[in-house]
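Participant: sharing a model that was predicted from the sequence below.
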Amino acid sequence: QVQLAESGGGLVQAGGSLRLSCAASGRTFNSYYIGWFRQAPGKEREFVAGISWSGDSTYYTDSVKGRFSISRDNAKNTAYLQMNSLKPEDTAVYYCTTVDSGLVTPLFDYWGQGTQVTVSS
């Protein structure tokens, strides 16, 4: 099982941008579909975006379409989530994990520490 670690979160004003990184250990990163999820205080964890192993297919939840972009660099064993036009409702802890071929469902119920994103109004 590949190990993933998130980074890149921070405090940003509404309308700003952040790029999150998901760094993988191991040599099989390019075999996995990767998804980004987030959990806001008092809410359940929700799907944000997913990407196929090749990067050719992506999928987004409606609330981030046109603002967020998921990508990956298999040579660097890293996936990214570029977040533009951030809104206060994007405030959450963001996690990456491996997902199934539908790009939405986590393969395992295992979550890292995540990275905090806070958007001020």
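Facilitator: Received the coordinates, thanks.
Participant: how many neighbours does Ala49 have?
Facilitator: Using other CB atoms under 10 Å, Ala49 has 26 neighbouring residues. Yep, even glycine has a C-beta here, placed from its N, CA and C like the rest.
Participant: and it, how far from Ser121?
Facilitator: 23 Å (CB to CB, to the nearest Å).
Participant: go on, Thr78?
Facilitator: Taken as CB to CB, the span from Thr78 to Ser121 is 31 Å.
Participant: who has more neighbours out of the two?
Facilitator: Applying other CB under 10 Å to Thr78 and Ser121 shows that Thr78 carries more neighbours, namely 19 against 9.
Participant: how about low-confidence regions in the chain?
Facilitator: Along the chain, segments meeting pLDDT under 70 span 27.
Participant: most centrally placed residue in it?
Facilitator: Trp36 (2.7 Å; CA atoms, centre = their mean).
Participant: and the end-to-end length of stretch 79-94?
Facilitator: 13 Å (CA to CA, to the nearest Å).
Participant: list the buried ones in it?
Facilitator: The neighbour-count check on stretch 79-94 (16 or more other CB atoms under 10 Å) flags 79-81, 83, 86, 90-94 as buried.
Participant: stretch 93-105 now?
Facilitator: For stretch 93-105, by 16+ other CB under 10 Å, it's 93-99, 103-104.
Participant: okay, strands next: where are they in this structure?
Facilitator: For the chain, applying DSSP state E gives strands covering 3-7, 10-13, 18-25, 33-39, 46-51, 58-60, 68-73, 78-83, 92-99, 115-120.
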